[in-house]
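Peer 1: Predicted coordinates and the sequence they were generated for:
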Amino acid sequence: MTDAAPQPASSPPTAAEQVGVSQVLARPRTPEQLVRPNVVRFNQVTKTYNAGRPNAYTAIKDVTFVVEDLVDKGEFICVLGPSGCGKSTILRLIAGLEPQHPPTSGDVRVFGRPVTQPGADRGMVFQDYTSFDHRTVLENVTFGLECQGMPRRRRYDLGREWIRRVGLDVAADASKYPHELSGGMRQRVAIARTLILKPRIILMDEPFGALDPMTRMNMQDLLVALWREVQATVFFVTHSIEEAVFLGDRVYVMSNSPGTILRELVVEPADRSSKEMQKEAKFQETVYYIRDLISQLEEGRD
Ligand SMILES: Nc1ncnc2c1ncn2[C@@H]1O[C@H](COP(=O)(O)OP(=O)(O)OP(=O)(O)O)[C@@H](O)[C@H]1O
Ligand SMILES: [Mg+2]
């Protein structure tokens, strides 16, 4: 979580404008501004798909940002922007997944080291339900531990604990198969399956995009509670401005064609429920500010 102060102690002061529950930085922070160790660092990262071919397409260009390593805390970073602006590209570059990885140019670092491949320090939750159909909830949740070679009894004990933590009922749900679950329940399974492995960085690509508004708010509250426990850095991609402002300690607003980070906002921590926070005028002020920013971007493109 972020302090109320506009800038962390290690940054030189950057002019910031207060808007509702957020401070809008004059420009996104650059690696040179931060002296503390970094969790994730992008320096002038460009990704051109099909480079050198007639169908070459530059999805992101010169993307630079840095996320500090806040020990025993972790930050919640939300990435917002129009469809196709390169949000998933950024997330998958952090994960080290092809064909996004490697970047065409620039430097992607995690904990100070260049990303070369996926690793156990990074866990990913996708929008579509990615459970294995022929495995039960318990088998899905413990799949990663099985790959690590953890004995069955230990991993099932841990699995049951995580099933409980994400709000499922061990007795009723552990032996169900994915097709027997609702969308919200499946995303709980996906979250448990990722968090059980204790990644230092959690990458989430629109995980609640397919859920109804009520379920979505409940999932947001659950995620905030779990994130406080696991103290990881979270990268959370969403189309919902409300979701980004509620969940994020920081919000990156991206522009399109090719994608760059246009604004960085430092947002008040989510210390009340999603439903409560969304009723506040200050919260809505930040939401309207971002909405205007994105619609200006879209008009500018036409
Ligand atoms: N493997 C690929 N090959 C070619 N082009 C790609 C590939 N993956 C993505 N792109 C293009 O790069 C651009 C950015 O894609 P990306 O998936 O990162 O966008 P996004 O911001 O996540 O969009 P959405 O909000 O719709 O999920 C898009 O124009 C997309 O068509
Ligand atoms: Mg995407």
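Peer 2: On my side now, so go ahead. Ligands and ions are numbered 1, 2, ... in the order given.
Peer 1: can the lengthiest helix in the chain be found next to ligand 1?
Peer 2: Longest helix of the chain, by residue count under DSSP state H: helix 281-301. No - Helix 281-301 stays clear of ligand 1 (CB under 6 Å from any ligand atom), getting no nearer than 12.1 Å. Where you see a C-beta, it was placed from the backbone N, CA and C, and this is true even at glycine.
Peer 1: how deep is residue 278 tucked in, by neighbour count?
Peer 2: 17 (other CB atoms under 10 Å).
Peer 1: Leaving out the residues flanking it, which one is nearest to it?
Peer 2: Nearest residue to residue 278 in three dimensions, chain neighbours excluded: residue 242, at 5.9 Å (CB to CB, 6 or more residues apart in numbering).
Peer 1: Beyond the host helix or strand of that neighbour, next helix or strand please.
Peer 2: Assessed by DSSP states H and E, residue 242 sits inside helix 241-247. Scanning forward in sequence from helix 241-247 by DSSP H and E, the next helix or strand is strand 250-255.
Peer 1: Return the alpha-carbon coordinates of that next one using PDB.
Peer 2: What follows is strand 250-255 as a C-alpha-only set of coordinates in PDB (Å, rounded to 0.1, in the frame of the first residue of the first chain):
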ATOM      1  CA  ARG A 250      -1.000   3.100  -8.400                       C
ATOM      2  CA  VAL A 251      -2.800   3.300 -11.700                       C
ATOM      3  CA  TYR A 252      -1.100   3.500 -15.000                       C
ATOM      4  CA  VAL A 253      -3.200   4.900 -17.800                       C
ATOM      5  CA  MET A 254      -2.100   3.900 -21.200                       C
ATOM      6  CA  SER A 255      -2.600   5.500 -24.600                       C
END
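Peer 1: Starting from it, tell me which strands it pairs with and how they run.
Peer 2: strand 76-80 (parallel), strand 260-267 (antiparallel) (DSSP bridges).
Peer 1: if we can go back for a sec, pull the CA atoms of the helix holding residue 242 into PDB?
Peer 2: Only the C-alpha atoms of helix 241-247 are listed here, as PDB (Å, rounded to 0.1, in the frame of the first residue of the first chain):
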ATOM      1  CA  ILE A 241     -11.900   2.400 -14.200                       C
ATOM      2  CA  GLU A 242     -13.800   1.900 -10.900                       C
ATOM      3  CA  GLU A 243     -12.000  -1.400 -10.400                       C
ATOM      4  CA  ALA A 244      -8.600   0.200 -11.000                       C
ATOM      5  CA  VAL A 245      -9.200   3.100  -8.600                       C
ATOM      6  CA  PHE A 246     -10.600   0.800  -5.900                       C
ATOM      7  CA  LEU A 247      -7.800  -1.800  -6.100                       C
END
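Peer 1: what about stretch 203-214, near ligand 1?
Peer 2: No - counting by CB under 6 Å from any ligand atom, ligand 1 has no neighbours in stretch 203-214; the shortest distance is 6.7 Å.
Peer 1: Tell me how far residue 245 lies from residue 282.
Peer 2: Applying CB to CB, to the nearest Å, the value for residue 245 to residue 282 is 10 Å.
Peer 1: again with residue 127
Peer 2: 29 Å.
Peer 1: Compare the two (neighbour count), which wins?
Peer 2: Shown here are residue 127 and residue 282; by other CB under 10 Å, residue 127 has more neighbours (18 against 14).
Peer 1: For burial, what's the neighbour tally of the residue lying closest to the more buried one once chain neighbours are set aside?
Peer 2: Among residues not flanking residue 127 along the chain, residue 206 sits closest, at 4.1 Å (CB to CB, 6+ apart). Residues near residue 206, counting by other CB under 10 Å, number 19.
Peer 1: Also residue 245?
Peer 2: 27.
Peer 1: got a list of what it touches?
Peer 2: 21-22, 78, 251, 267, 283, 286-287, 290 (CB atoms under 8 Å, 6 or more residues apart in numbering).
Peer 1: which two of the residues you listed lie the greatest distance from each other?
Peer 2: Using CB to CB, the two most remote members of those are 78 and 283, lying 14.0 Å apart.
Peer 1: Neighbour count for those two, which is higher?
Peer 2: residue 78 (25 against 21).
Peer 1: pLDDT value on the more buried one, please?
Peer 2: If you check residue 78, the pLDDT there is 96.
Peer 1: for residue 274, same thing?
Peer 2: In the predicted model, residue 274 carries a pLDDT score of 88.
Peer 1: And for the one 4 residues further on?
Peer 2: pLDDT, the model's per-residue confidence, is 88 for residue 278.
Peer 1: Phi and psi next, for it.
Peer 2: Torsion angles at residue 278 (phi, psi; degrees, to the nearest 10) stand at phi -70, psi -10.
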